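Student: Okay, predicted coordinates and the sequence, questions at the end:
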Amino acid sequence: MIKNDAILSLVKKYNENKMSHIFLIETNDKEQTLKDLLELIKILNCEKEYVENCVKCNLCHLITQSSLPSLKIISPDGQNIRKEQMEELKTTFSSQPYFSKYNVYVINDAEKFNASSANTMLKFIEEPEKNIIGFLITNNKENVINTIKSRCEIVKAHYSENKKEVDQRLYDLAVQYLKRIEIIKEESILYNQDLLNEKLEKEDFLVFFEILLSFYLKLLNQKEVPKDLIELRDQEIKEILRKIQLITEIIEKLNYNVNMNLLLDDFVLRMEA
């Protein structure tokens, strides 16, 4: 099961034939991100409708064990990702996949490309093959060489590090907040003060907005949402996508020193636009 909603949203992109050929995944948990990507790769390569723990073929087992010939997972060799590793990848994927739909590669610690390996990688991705999909994992996209980063679709996969009881408090708060500004729609701006009175830390606000984002990703993927938010299912896809983009922007701003009062007011006004 894919645990991160941002990675889960790629399934919908795939089903709508909107899949990019290369993604840069910025995450705070590289190990869990790799696990989620392996689950995603199973879905992408399934010849039929994917079912978790299916035993009809050996494909999922091979992916879990990183033994599928058309799946390559690359980590830095020493301090850097080496040019030779990229050349080997190009050679390996010069032929069509035999056991699966796609040749897929995952590169850990994408910030560790050096000039030589990055140049070789660029030649590999500038003229993408339809049957090749790549995932680059980093804990900070700003440390990835710009020529590589600019050619990737960026996905932010944040995993909550807070304790379960704190998560539940923020989860309940997020449900009630979204109900107030999206369904009740009365004095939404004033309601921001109630949220500020919760005396949340900056890290709490980050988790809070990640929870809001998860609700809209579930709406996008037609998954179950809290009963208090069921009315949101009536929104059009383009409106859901607009709000996903807005919340993503808010999360990005939380990485900087911002005035939470102004940020929340701006958020509510743009949600109602």
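Tutor: Looks like it arrived, so ask away. All values reported here derive from a predicted model rather than from experimental measurement. Numbers count the residues shown, from 1 in each chain.
Student: Can you give me the neighbour number for the nearest residue to L122 once chain neighbours are set aside?
Tutor: Using C-beta to C-beta, 6 or more residues apart in numbering and skipping residues adjacent in sequence, the residue nearest L122 is T147, 5.9 Å away. To be clear about C-beta, it is placed using only N, CA and C from the backbone, and glycine gets the same treatment. Neighbourhood size, T147 [other C-beta atoms under 10 Å]: 15.
Student: ok, and what's touching the helix or strand that contains T147?
Tutor: According to DSSP states H and E, T147 maps onto helix 146-149. The contact list for helix 146-149 (C-beta atoms under 8 Å, 6 or more residues apart in numbering) reads 24, 110, 113, 118, 121-122, 125, 136, 141.
Student: how about the helices in the stretch 151-273 of the chain?
Tutor: Applying DSSP state H, counting those that start in this stretch to the stretch 151-273 of the chain gives helices spanning 164-178, 188-196, 202-220, 237-253, 260-272.
Student: Including distance to E52, mean pLDDT and mean neighbour count, could these go into a markdown table?
Tutor: Formatted as a markdown table, these follow (distance: least, C-beta to C-beta, whole Å; pLDDT from 0 to 100; neighbours: other C-beta atoms under 10 Å):
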| stretch | distance to E52 | mean pLDDT | mean neighbour count |
| --- | --- | --- | --- |
| helix 164-178 | 23 | 80 | 16 |
| helix 188-196 | 37 | 75 | 15 |
| helix 202-220 | 17 | 88 | 20 |
| helix 237-253 | 25 | 90 | 15 |
| helix 260-272 | 34 | 88 | 15 |
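Student: Dump those to JSON lines, plus distance to M19.
Tutor: Converted to JSON lines, the helices of the stretch 151-273 of the chain look like this (distance: least, C-beta to C-beta, whole Å):
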{"stretch": "helix 164-178", "distance to M19": "29"}
{"stretch": "helix 188-196", "distance to M19": "36"}
{"stretch": "helix 202-220", "distance to M19": "15"}
{"stretch": "helix 237-253", "distance to M19": "16"}
{"stretch": "helix 260-272", "distance to M19": "28"}
